[in-house]
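> Please work out how this folds:
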Amino acid sequence: MTARTFDPKRIGTRVAAGAVLSLAGAFGFASLVPSAHADTHPAAVVKADVKADAKGANTGGQTAQTGAKAGAKAGATAQDVINLARTQVGTHEDASGNSKFNNWYIDSPLGEQNAHRIGAKSASVYKGQSWCDMFVSWLGQNTGTKGMGADAYTVSHAQWFKKTGHFGQTPKPGAVVFFAWNGGGIKGIDHVGIVVKDNHDGTINTIEGNTGNAVKQKVRDTSTVAGYGYPEYR
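Numbers count the residues shown, from 1 in each chain. Okay, the predicted model is just below:
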C-alpha cells in the first residue's frame, strides 16, 4: 500500500505539498497536508507531518461547531460515539480513494471555509485524500459530541487537544487515539481512530477509518500510540 501524494497540476483535487488549511476555535484546528495512507506497515509509512507551512497552522477562527447533524442533541456519551462508529465498520472508499467521509467534509461549512482560507476555489481539494481524521470528525459532528474537534489533519487535531488540556496517555472508551508508528510524539502522528476498550494488557480495541481502505475494528499495541484526546462526554 502506498502513501497518497498531492499533484499540484490537478487543480481542485490536490493541494501542493506544504499547503495547509486551518480552522481554529472551540472545536480546534482543521488542516490538510500530504499524509500517508493509514495502516501501512510502520517501516513504509511516509510521515503525515510533511513540514506544514507554519504560518497557516494557527490562522482563522470560529467559535461554534459546524456541520453538526440536524437535530443532534447537545452533548453525547462515549458509548454514543462507539455505537455510531460500529455502524460504519466495513464502509469502503471507492477506486479513487474517496469515501463518504470525504464527501461529508467537502459539503460541510468546515471544509468550505478551510478551502477558502488557503485560496482554493472549493472544498473539492479534500476529494480522495486520506480520511481517517474526517471519519473521527464525522463521528463527533453526527453525535453532537462536545470537544471532539473537527479536523482533516491528525497532527493539528492532537495539538488542539493538548492546547485545550484534553490530551493524555490513558486509553479510555471514546477517546480519540493518535498513532505514531515510528514514534516522534505529536509531530510524528500518522493516523487516528476511536478507542473502544482498554484490554489492560498493552493493547486497545479501536475503530478506525482509512484502514486498509475501509472502516475497521483493530487491536493495537499501545506502544504505537502518541496520545489520546478526550472529548467532553456527558
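> Other residues contacting stretch 82-102?
The set of residues that contact stretch 82-102 without belonging to it, under C-beta atoms under 8 Å, 6 or more residues apart in numbering, is 4, 37, 126-129, 131, 134-135, 137-139, 142-143, 173-174, 194, 196, 207, 209-210, 213-217. (Each C-beta comes from the backbone N, C-alpha and C, glycine too.)
> following the worst-scoring helix or strand of the chain on mean pLDDT, which helix or strand comes up?
For the chain, counting by mean pLDDT, DSSP states H and E, helix 109-117 ranks last in confidence among helices and strands (a mean of 79). Once helix 109-117 ends, the next helix or strand along the chain (criterion: DSSP states H and E) is helix 132-143.
> For that following helix, list the C-alpha coordinates in CSV.
The C-alpha trace of helix 132-143 is given here as CSV (Å, rounded to 0.1, in the frame of the first residue of the first chain):
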residue,chain,number,x,y,z
CYS,A,132,-9.1,8.8,9.0
ASP,A,133,-9.5,12.2,10.7
MET,A,134,-12.5,13.1,8.6
PHE,A,135,-14.1,9.9,10.0
VAL,A,136,-13.4,10.9,13.6
SER,A,137,-14.7,14.4,12.9
TRP,A,138,-17.9,12.9,11.3
LEU,A,139,-18.5,10.8,14.4
GLY,A,140,-18.2,13.9,16.6
GLN,A,141,-20.4,16.1,14.5
ASN,A,142,-23.1,13.4,13.9
THR,A,143,-23.5,12.6,17.6
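> which secondary structure elements does that helix contact?
For helix 132-143, the elements it packs on are helix 78-87, helix 100-107, helix 154-163, strand 191-198, strand 203-211, judged by 3 or more C-beta pairs under 8 Å, 6 or more residues apart in numbering; DSSP states H and E.
> hang on, the earlier thing: by how many degrees do the least confident helix or strand of the chain and helix 100-107 diverge?
Helix 109-117 and helix 100-107 are oriented at 60 degrees to each other (axes from the mean of the first three to the mean of the last three C-alpha atoms, to 10 degrees).
> follow-up on the earlier one: tell me the buried residues within the contacts of stretch 82-102.
Among the contacts of stretch 82-102, those scoring as buried are 4, 37, 126-129, 131, 134-135, 137-139, 142-143, 173-174, 194, 196, 207, 209-210, 213-216 (criterion: 16 or more other C-beta atoms under 10 Å).
> and residue 78, how far is that from residue 137?
16 Å (C-beta to C-beta, to the nearest Å).
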